[in-house]
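**Q** All I have is the shape, not the residue letters:
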Ligand code: FES
C-alpha cells in the first residue's frame, strides 16, 4: 500500500507542467528546448539519477547506460530526464567516501523532491552510490528502480587472473613480507583495471548490487552483469520502460521494501559471502523505509545460511565468473526455502516466484545447497564488554583457528598512530596479539573509514603468519579478508568501552558464543579515562558538512545515518517559488 495514494492518482509532474497560468507556461517554456508539446501532456517524467563522474571511475560509463534507459522511457511513453547526482568514488574521495554517503542520499532525496518527476531510474555502481540512491528513493517514495553499473572484467597478470581489491591487498602484503618486488607490484597495476565497471570481487559494490536485487529493487537477474556486457544496456532499456509502468501502477519503494525483502537481502548476503558494509547500508535503507530491522536480524536470519558463491574475498573467483555461472538468481534458487515468498520486486511479482528459470551453469563457481563452501556463512553479531551495542565479524572471510581466541591487546588511537608504530622493533607484538584500532567510528574519524583490516606487522608476516585477530570501530573494505571484528558500537569516540582498553589487556573473542570481551574487572574499566586523542578529530571540525555529520551521525549498529534523515519526507512539495 502506497504511503501517498493521492499522488498516484494525479501525475506529480503535472503540478508543474499542467495548467494555462503563468507558472505552467514558465515551467513548460524553459523545458521545451526541442522537446515536443506532447512531452508535457501528463505523461510520466522519469529522472535518470545518474552517478556518472570522471572522478568515480567505477561509474564513468553510466552516461551510456543512462542513454539506454532513456530509450526505454521514451518507448514506454515517458520523458527521461538525465540528472547528474552526487557521486562518490571509493578510491579517491577523502577522508572516506562513507563520510559523504548520507550527504549524497540527502542531496539526491531533495533533488527528487524538488523537481517535476514522477519516477526514477537509479544508476549506481561504486560502493556508496547504490546505498545513497536507495536511501534517497526510500525517503521520497516515488516509483524507482536500480540499474547497477556492473563489475569490470577479470584482469590478468602474467597469465593469472587478477582481481581488483582483494588481490591488491594480497600483493601489497607480499611486498611487505619481501616476497614480491616493488617493480613487480607496480607492473601489475595496469593489468588490474581491464575494462569499465566497478571492483570485480564480491566487494561492497557487487554486494550492494546483489542487495538491491534481493530487496526487489532491480529487475531480477541484472546484478552482476559485467559493465561492458551488452546485456547491461538491454537491462537499462528495460528498466526505463519499467519505470514508466511503475508510475502507472503506483508501485513505489514502500510497495517493495518490507520485512520480507530485507530477509531476502540478508539470506542473499550470507549465500554470496557479501561485504560487511552491507550491514550498515541495509540498516540505513531500512531506517529510511520505515522497516524495523536490527543488527541482530543479520545473525538470526543469516548466520545459518550456507556460503554458495566461491568468489573473492571469501572464495577464488571473480564477478565475471559469478555472472557466467548463473548469478544471484541461481544462488537464491538454492536457498529458496529461506526466502520470504511474498516479498515483491519492482516488476510487481515476488522475487521468489522468479527463480524457476535460474540454473547453476558452473559448479566450480556456484555451489549447490547440498555441497556448500561453508554450512553457515552469515555475519555474526558479537556483544560483550567491548561492544555493548554490537560488533560484526564475517566468519566466511576469517581464519577458523582464530574464531576462538584470547590475546593481549596492542592498542592504536588512530590509523596514523598504527602506521607510525606497527613496524617499530620496540613494539611488543606477536601473532597471538589482538590489534585494536579505535577512533575510526562514524564520529571519531569522522566517517567510519575502511581501515579495520589492518596490515600485519612485518615481523609477523615474515614468520609465514597471514592472519591475526583485529578489532576496530571502523569498517573494512568489502574486498578485504581476515579475522576482523568491526563496526564496534558504541565507537570509542562516542563513549564506548573500546576507548578504555590498554595495551596488554587480554581480549577474548568467542564467535561461537557471540562474545567480544576485555578481561578487565568492570570497576577498573570504569575508573579509566579515555585518551584525549580520540576526540581530537571531531573537536577540530568547525563548520560545514563535517560538523553537521559529527553532531548528528548515528552509530554503526543502526546504520550510521544522520538522526534527522531517518524516515521519509515523501514526494509532495506544494509551495512554488513564483
Ligand atoms: Fe569503486 Fe571498488 S573502487 S567499487
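**A** On my side now, so go ahead. Predicted model only: the values in this text are computed from it and were never measured. Numbering: from 1, shown residues only.
**Q** use CA for all of it now, contacts and neighbours both
**A** Fine.
**Q** At the contact with the ligand, which residues of the stretch 51-200 of the chain appear?
**A** The stretch 51-200 of the chain has residues 58, 89-91, 126-127, 198-199 near the ligand, with proximity defined as Cα under 6 Å from any ligand atom.
**Q** Which residues outside stretch 244-261 are in contact with it?
**A** For stretch 244-261, the external contacting residues (Cα atoms under 8 Å, 6 or more residues apart in numbering) are 1-3, 8, 44, 46, 73, 76-78, 118-119, 137-138, 141-144, 214-217, 289, 291-293, 339-340, 342-348.
**Q** Give me the buried subset of those.
**A** Using 16 or more other Cα atoms under 10 Å as the burial test, the contacts of stretch 244-261 include 2-3, 8, 44, 46, 73, 76, 78, 118-119, 137-138, 141-144, 214-217, 289, 291, 293, 339-340, 343-347 as buried.
**Q** Spell out which helix or strand contains residue 81, please.
**A** Element membership of residue 81, judged by DSSP states H and E, is strand 79-84.
**Q** Can you mark which positions in that strand are buried?
**A** 79-84.
**Q** for the record, mean pLDDT for it?
**A** On average, the pLDDT along strand 79-84 is 98.
**Q** Does anything pack onto it? Which helices or strands?
**A** The contact analysis (3 or more Cα pairs under 8 Å, 6 or more residues apart in numbering; DSSP states H and E) places strand 79-84 against strand 45-50, helix 62-75.
**Q** returning to that earlier point: min pLDDT across the residues of the stretch 51-200 of the chain next to the ligand, which one?
**A** The lowest pLDDT within those belongs to residue 91, which sits at 91.
**Q** among the residues of the stretch 51-200 of the chain next to the ligand, which ones are buried?
**A** 58, 89-90, 126-127, 198-199.
**Q** Which ones among those lie within helices?
**A** Among these, none falls in helices (DSSP state H).
**Q** Quick check: the farthest pair among those residues?
**A** Using Cα to Cα, the pair of these lying farthest apart is 89 and 199, separated by 11.4 Å.
**Q** Mutual contacts of these two, please.
**A** Common contacts of residue 89 and residue 199 (Cα under 8 Å, 6+ apart): 58, 126.
**Q** so how far does stretch 428-441 reach from one end to the other?
**A** 26 Å (Cα to Cα, to the nearest Å).
**Q** tell me which residues of that stretch are tucked away?
**A** For stretch 428-441, burial by neighbour count (16+ other Cα under 10 Å) applies to 429-441.
**Q** Mark which of those are part of strands, please.
**A** Using DSSP state E, the subset of the buried residues of stretch 428-441 located in strands is 434-437.
**Q** all strands of the stretch 151-300 of the chain, in order?
**A** 155-157, 160-162 (DSSP state E, counting those that start in this stretch).
**Q** Same list, those, but as TSV with mean neighbour count and mean pLDDT please.
**A** Shown next, in TSV, are the strands of the stretch 151-300 of the chain (neighbours: other Cα atoms under 10 Å; pLDDT from 0 to 100):
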stretch	mean neighbour count	mean pLDDT
strand 155-157	17	87
strand 160-162	16	87
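**Q** Would you format these as a markdown table with distance to residue 234 included?
**A** Formatted as a markdown table, the strands of the stretch 151-300 of the chain follow (distance: least, Cα to Cα, whole Å):
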| stretch | distance to residue 234 |
| --- | --- |
| strand 155-157 | 24 |
| strand 160-162 | 28 |
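**Q** Nearest to residue 459 among these would be which one?
**A** Evaluated over these, closeness to residue 459 peaks at strand 160-162, with 26.9 Å, by Cα to Cα.
**Q** Report the secondary structure state of the closest residue in space to residue 428 that isn't next to it in sequence.
**A** Of all residues not flanking residue 428 in the chain, residue 410 sits nearest, at 7.8 Å (Cα to Cα, 6 or more residues apart in numbering). Judged by DSSP: H, G, I helix; E, B strand; the rest coil, the three-state class of residue 410 is strand.
**Q** okay, now residue 410: neighbour count?
**A** 24 (other Cα atoms under 10 Å).
**Q** So it sits against residue 433, correct?
**A** Yes - contact criterion Cα atoms under 8 Å: residue 410 and residue 433 qualify, at 6.7 Å.
**Q** what sits against the nearest residue to residue 68 once chain neighbours are set aside?
**A** Excluding its sequence neighbours, the residue lying closest to residue 68 (Cα to Cα, 6+ apart) is residue 237, at 4.8 Å. Residues in contact with residue 237 (Cα under 8 Å, 6+ apart) are 68-73.
**Q** Could you rerun that using 7 Å?
**A** 68-69, 71-72 (Cα atoms under 7 Å, 6 or more residues apart in numbering).
**Q** could I get the helices and strands packed on strand 79-84 as JSON lines with mean pLDDT?
**A** Listed next are the helices and strands packed on strand 79-84 as JSON lines, based on pLDDT from 0 to 100:
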{"stretch": "strand 45-50", "mean pLDDT": "98"}
{"stretch": "helix 62-75", "mean pLDDT": "98"}
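**Q** Packed most tightly, which of those would that be?
**A** Of all those, strand 45-50 carries the top mean neighbour count, a mean of 28, counting by mean count of other Cα atoms under 10 Å.
**Q** Just the element for the closest residue to residue 554 other than its chain neighbours, please.
**A** Residue nearest to residue 554 in three dimensions, not counting chain neighbours: residue 560, with 4.6 Å by Cα to Cα, 6+ apart. Assessed by DSSP H and E, residue 560 sits outside every helix and strand.
**Q** What residues does the stretch 201-350 of the chain have near the ligand?
**A** Close to the ligand, as judged by Cα under 6 Å from any ligand atom, the stretch 201-350 of the chain has residues residue 205.
**Q** from the stretch 201-350 of the chain, which residue is nearest to the ligand?
**A** residue 205 (4.8 Å; Cα to the nearest ligand atom).
**Q** burial of that residue, as a residue count?
**A** Neighbour number of residue 205 under other Cα under 10 Å is 35.
**Q** need the contact list for the residue nearest to residue 316 when sequence neighbours are not counted.
**A** Once flanking residues are discounted, residue 316 sits nearest to residue 310: 5.6 Å by Cα to Cα, 6+ apart. Applying Cα under 7 Å, 6+ apart to residue 310 gives the contacts 316-317, 365-366.
**Q** Can you tell me how far residue 310 is from residue 299?
**A** Here the criterion is Cα to Cα. By it, residue 310 lies 21 Å from residue 299.
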